[in-house]
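Novice: Generate coordinates for the sequence data below:
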Amino acid sequence: MAKKKDEKDVLVVRDEKTGEISVVAGLNADGSPKRIPAKAENAQSFLQFDRHGDVLDNFFRNFFRQCREPSRFGFYRVAADQADKLLEGIKDLLKAP
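Specialist: Here you go, the predicted structure:
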């Protein structure tokens, strides 16, 4: 039961112009997402969310309101401990939507 309370999610972003998929590490000064590859060595830099918290809802509301190009990026929530494995599957699925 303790493990379930500690589960984290990360935010995966796809740049609709380039097709590049990566994990969000924060925001750049211009408001665009700071993106990094979904590799185990980058896990400490991932923007992580407590699965049982309500911070995610507030984040999305504020992010989309402030983002200049909301249609450029597609966001996907995945389990933090599986991000490196799931990214390849997401890339394959989005090649031919």
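
Novice: Report the beta-bridge partners for the residue nearest the centre of the chain.
Specialist: In the chain, the residue lying closest to the centroid (Cα atoms, centre = their mean) is Leu11, at 1.7 Å. For Leu11, the beta-bridge partners are Arg77 (DSSP bridges).

Novice: and it, how far is that from Glu88?
Specialist: To Glu88, Leu11 is 17 Å away according to Cβ to Cβ, to the nearest Å. Glycine gets a C-beta too; all of them are placed from N, C-alpha and C.

Novice: for the record, mean pLDDT for the helix or strand harbouring Phe60?
Specialist: According to DSSP states H and E, Phe60 maps onto helix 55-66. Helix 55-66 comes out with an average pLDDT of 62.

Novice: What is the burial count for Leu47?
Specialist: Neighbourhood size, Leu47 [other Cβ atoms under 10 Å]: 18.

Novice: can you tell me the helix or strand for the closest residue to it other than its chain neighbours?
Specialist: Spatial nearest neighbour of Leu47, chain neighbours left out: Val24 (4.6 Å); criterion: Cβ to Cβ, 6 or more residues apart in numbering. Per DSSP H and E: Val24 is located in strand 21-27.

Novice: ok, that strand: who's next to it in the sheet?
Specialist: In the sheet, strand 21-27 lines up with strand 8-15 (antiparallel), strand 33-36 (antiparallel) (DSSP bridges).

Novice: If I average pLDDT within each of these, which one is lowest?
Specialist: The minimum mean pLDDT among those belongs to strand 8-15 (a mean of 86).

Novice: Pull that one out as PDB, backbone CA atoms only.
Specialist: These are the backbone C-alpha positions of strand 8-15, laid out as PDB (Å, rounded to 0.1, in the frame of the first residue of the first chain):
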ATOM      1  CA  LYS A   8       4.800   9.500  -9.400                       C
ATOM      2  CA  ASP A   9       3.800  10.500 -13.000                       C
ATOM      3  CA  VAL A  10       5.800  12.500 -15.500                       C
ATOM      4  CA  LEU A  11       4.600  14.800 -18.300                       C
ATOM      5  CA  VAL A  12       5.500  13.600 -21.800                       C
ATOM      6  CA  VAL A  13       5.300  16.200 -24.600                       C
ATOM      7  CA  ARG A  14       5.200  15.800 -28.300                       C
ATOM      8  CA  ASP A  15       6.200  18.800 -30.500                       C
END
